[in-house]
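Colleague: Just need the structure, nothing else, for what follows:
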Amino acid sequence: MGGGVAKNSNRRGRRGRGKHQAMAEINITPMVDVMMVLLVIFMVAAPMMTVGVPLELPKTSAKAVPTEQEEPLTVSLQLDGTVSLMNSSVPEDELVGRLEAIAKERESNKIYLRADGGINYSRVVEVMGALNGAGFNNITLVTESGGPSLTGPAKQ
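Modeller: Alright, predicted model coming up:
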C-alpha cells in the first residue's frame, strides 16, 4: 500500500508540472511598496501646495508663524491688481460675499494675506478692511524671511 501512494503522488507531480494552479494567497508586497512610495511623495509635495499664485513677497526679519490644524485660508494681491482667494481669481465685488460664506463654516477667523511687494500700501490696507468686514479679524501678512531689520542687518 505504501508503494501505491508513492505512484499516485508521482503521477500527480508529472501532470502538474506543465499546468499552473491557482494560488490561494494574495501577495500584497507590491501594493505596500506602491503605497509607501505614494505616502513619501505626498509628504514631500503637500507643504509645497499651499498656494500657487506667484508673487514677489516683501522680505522681513520676522519669525515664521506656527502652523495650525485647519487648512489656511489665503487671499493674494498680485501686482496687476488681481485678487485671488486660495488659487482662484475672484472679482473684487464678490470677494466679501465669498469670505462671509466661508467664515460661517470655519472655526477660526484667521486669514493669510499675501501681497506683491510692489503694491501700494493703501491698496493692501483697503483689502485688509474688506477681510475684517467679512468676519476675519485675525489677518496674517505673509512675507519672505531674510529681509532688512530695524535693528541692523538680517540674521541668517
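
Colleague: low-scoring stretches of this protein, by residue?
Modeller: 1-18, 47-53, 65-70, 152-156 (pLDDT under 70).

Colleague: what residues go with each domain of it?
Modeller: The chain breaks down by automatic domain parsing into domains covering 2-47, 54-145.

Colleague: residues near Met43, how many?
Modeller: By other C-beta atoms under 10 Å, the residues close to Met43 number 9. (Each C-beta comes from the backbone N, C-alpha and C, glycine too.)

Colleague: ok, it - contacts?
Modeller: Contact analysis of Met43 by C-beta atoms under 8 Å, 6 or more residues apart in numbering lists nothing.

Colleague: Do me a favour and get the end-to-end distance for stretch 22-34?
Modeller: In stretch 22-34, first residue to last residue: 24 Å (C-alpha to C-alpha, to the nearest Å).

Colleague: Actually, stretch 81-90.
Modeller: With C-alpha to C-alpha, one end of stretch 81-90 sits 11 Å from the other.

Colleague: Check which residues of it are buried.
Modeller: Buried residues in stretch 81-90, counted by 16 or more other C-beta atoms under 10 Å: Val83, Ser84, Leu85, Met86, Val90.

Colleague: Tell me who's in contact with the last one.
Modeller: Residues counted as contacts of Val90 (C-beta under 8 Å, 6+ apart) are Val83, Ser84, Arg98.

Colleague: what secondary structure does the second one sit in?
Modeller: Three-state secondary structure (criterion: DSSP: H, G, I helix; E, B strand; the rest coil) places Ser84 in strand.

Colleague: Begin at 38 from now on, thanks
Modeller: With 38 as the first residue, the last one maps to Ser121.

Colleague: Quick check: the gap between Ser126 and Ile156.
Modeller: Going from Ser126 to Ile156 by C-beta to C-beta, to the nearest Å gives 16 Å.
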